[in-house]
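**Q** The following comprises the amino acid sequence and a computationally predicted model.
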Amino acid sequence: MLNSYKLTAATLINKDEMNSAGKLTYPEHIVVVMDGNGRWAKKRMLPRTAGHHAGVKSTRNIVEECVKAEIRALTLFAFSSENWQRPEQEVSSLMSLFISTLQSEVSSLHKQNVRMRFIGECSAFSEKLQDKIHQAEELTQLNTGLQLNIAVNYGGRWDVAQACKSIVEKVQAGVLQIQDVNAEMVDQHVCLSDLPAPDLFIRTGGEQRISNFLIWQIAYTELYFTDALWPDFNSEAFLTALNWFALRQRRFGKTGEQVDTSNVASHS
């Protein structure tokens, strides 16, 4: 069941577009590509690292908005498997920023009942960063609020390949039969398999591509692109994205008429 979020002063929706409770239906699971930190810094003639530091503030703000809205899950693309190709100094600064951010933010997230999880090949990181990741997951593992997933050294193709490898191993071991392998089986082996498929994909920075992020999971996700650079993506911009989603008709292969009829039946 999708949750509902009370409207605030920043909301731009007409009352006629609300549901009968005066609320809008918002997504259970939101995924975000946080793009534009470097360009934000360049516009201000600052080093790219300044943009990444500014982006942490936006991340904190959006997490808080999700907590208020009682969003079930938020998945953030923090560092892709392709990001290792960036200048060595920038990658090094990002690794340091990951460590310092975990040190400064985890306690606050824990107090907000946020559960943290990291997806991707974390073994590629330094032992110190791996320790911080493990500590964050361990501290928050029993929390029941927002599920905050951080994708680090993650790639969608890697994710699907790992799922296929796991399935093949089970077939070879006789745990599964080849005829058992189908789309639902792959669903069970990709990252975040315990969560609902993402409802809303947000990408800031003006680019309109998914960049190898959750390529299996977002098959039916609504895609929202904005020109706002990530450090400028504030609460009002986030609410605008949520309101855009609330007005989407999600058909999943059905006709609009079928969806309308189903909605009427479910509310009668």
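**A** Happy to help now that I have it.
**Q** And the strands in the stretch 151-268 of the chain?
**A** For the stretch 151-268 of the chain, applying DSSP state E, counting those that start in this stretch gives strands covering 200-203, 222-225.
**Q** Just name the most buried of these.
**A** With neighbours defined as mean count of other C-beta atoms under 10 Å, the strands of the stretch 151-268 of the chain peak in mean count at strand 200-203, which reaches a mean of 25. In short, each C-beta sits where N, CA and C put it, glycine included.
**Q** how far away is the residue of the chain positioned farthest from its centre from Cys164?
**A** Within the chain, Gly174 marks the point farthest from the mean C-alpha position, 35.0 Å out by C-alpha atoms, centre = their mean. Counting by C-beta to C-beta, to the nearest Å, the separation of Gly174 from Cys164 is 18 Å.
**Q** And for Ala54?
**A** Where Cys164 is concerned, Ala54 sits at a distance of 39 Å (C-beta to C-beta).
**Q** So for those two, which residue has more residues nearby?
**A** Ala54 (18 against 14; other C-beta atoms under 10 Å).
**Q** Look up the closest residue to the more buried one, ignoring the ones flanking it.
**A** Taking C-beta to C-beta, 6 or more residues apart in numbering as the measure, Ala54 lies nearest to Pro231, with 3.8 Å between them; neighbours along the chain are not counted.
**Q** and of the strands of the stretch 151-268 of the chain, who's closest to Phe118?
**A** In terms of C-beta to C-beta, the element of the strands of the stretch 151-268 of the chain nearest to Phe118 is strand 200-203, at 19.5 Å.
**Q** Going along the chain, name the helices of this structure.
**A** Assigned by DSSP state H, the helices in the chain fall at 37-43, 48-69, 88-111, 127-140, 156-172, 183-187, 235-246, 256-266.
**Q** Pull the number of nearby residues for Phe245.
**A** Residues contacting Phe245 under the criterion other C-beta under 10 Å number 22.
**Q** no, scratch that, I was asking about Gln177
**A** The burial count for Gln177: 9, using other C-beta under 10 Å.
**Q** Quick check, pLDDT for it.
**A** Reported pLDDT at Gln177 in the predicted model: 95.
**Q** same thing with Gly120?
**A** The model reports Gly120 with a pLDDT of 95.
**Q** Could you find the closest non-adjacent residue to it?
**A** With sequence-adjacent residues excluded and distances taken as C-beta to C-beta, 6+ apart, Gly120 is closest to Tyr154, at 3.3 Å.
**Q** Could you do Cys164 as well?
**A** In space, not counting the residues next to it along the chain, Cys164 is nearest to Val186; the distance is 7.4 Å by C-beta to C-beta, 6+ apart.
**Q** residues in contact with the one you found?
**A** Val160, Ala163, Cys164, Ile167, Trp216 (C-beta atoms under 8 Å, 6 or more residues apart in numbering).
**Q** count of neighbours near the closest residue to Ser81 other than its chain neighbours?
**A** Spatial nearest neighbour of Ser81, excluding adjacent residues (C-beta to C-beta, 6+ apart): Gly155 at 3.7 Å. Neighbour count of Gly155, defined by other C-beta under 10 Å: 21.
**Q** Let the chain start at 3 from now.
**A** Right, with 3 as the first residue, what we last looked at is Gly157.
**Q** got the phi/psi numbers for Gly157?
**A** With angles defined as degrees, to the nearest 10, Gly157 sits at phi -140, psi 140.
**Q** my guess is it meets Ser82, correct?
**A** Yes: the pair Gly157 and Ser82 passes the contact test of C-beta atoms under 8 Å, sitting 6.1 Å apart.
**Q** Check the contact lists of the two and give me the overlap.
**A** By C-beta under 8 Å, 6+ apart, the residues touching both Gly157 and Ser82 are Asn214.
**Q** about what we covered before: quick check, the residue nearest to Ala56 in contact with Gly57.
**A** Yes: shown here, Pro233 and Gly57 form a contact pair, counting by C-beta under 8 Å, at 5.2 Å.
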